[in-house]
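Participant: sequence first, predicted model second:
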Amino acid sequence: MAIQSQAARTTGTTIANANFGIYPPSTVRAALLEYSMIQVTGTAQSQGLGRPATIGTTSSPVLFQQDDPADAASVVNGHITWSAQPTAPTIYHRRWNSAATIGVGVVWTFPRGLVIAASGALVGWNITAAVAMDVNAVVDA
């Protein structure tokens, strides 16, 4: 397994929709080690992180990048767009309620890794209407 990272600016701001997703392929179980969100506009919002009940249909995947360039290329994808949205997580692993301030953020760490099953997903979810954010994720896969 190798440490991989991805940073993205979210575009999905609709209430009850995913804004960022992590999708390993059928051959890999990934573990989320760190997840952070930083607001780029000044509106209060509520965000959650969890496993969606159904993973949806992704579009425009972007591969995570290996932190060590000597490691083989990543096969874990990050997404900010879907042709069919995933469904809301039944239970969130983390929730955050932000202040209405540009630059406010949160960093969640999972020292033993939050496991994402092969062909599964983990999504950032707009619990309320949301704003664009810079999301940073680190996985071991």
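Facilitator: Sure, I can see it. Numbering: from 1, shown residues only.
Participant: tally of neighbours for Pro89?
Facilitator: 20 (other CB atoms under 10 Å). Bear in mind the C-beta positions are built from the backbone N, C-alpha and C, glycine included.
Participant: state the pLDDT value of it.
Facilitator: You'll see Pro89 listed with a pLDDT of 96.
Participant: the one 3 residues further on too?
Facilitator: On the pLDDT scale, Tyr92 is placed at 97.
Participant: please identify the helix or strand for it.
Facilitator: strand 89-97 (DSSP states H and E).
Participant: now find how far off-centre that strand is within its chain.
Facilitator: From the chain centre to the centre of strand 89-97 is a distance of 12 Å (CA atoms, centre = their mean, to the nearest Å).
Participant: sheet partners, orientation included, of that strand?
Facilitator: Strand pairing for strand 89-97, determined by DSSP bridges: strand 46-52 (antiparallel).
Participant: and the next element down the chain from the strand it pairs with?
Facilitator: Past strand 46-52, the next helix or strand by DSSP H and E is strand 57-59.
Participant: pull out the buried positions in that following strand.
Facilitator: Neighbour-count burial for strand 57-59, with 16 or more other CB atoms under 10 Å as criterion, is recorded at Thr58.
Participant: quick one: strands adjacent to it?
Facilitator: In the sheet, strand 57-59 lines up with strand 81-84 (antiparallel) (DSSP bridges).
Participant: fine by me, thanks again.
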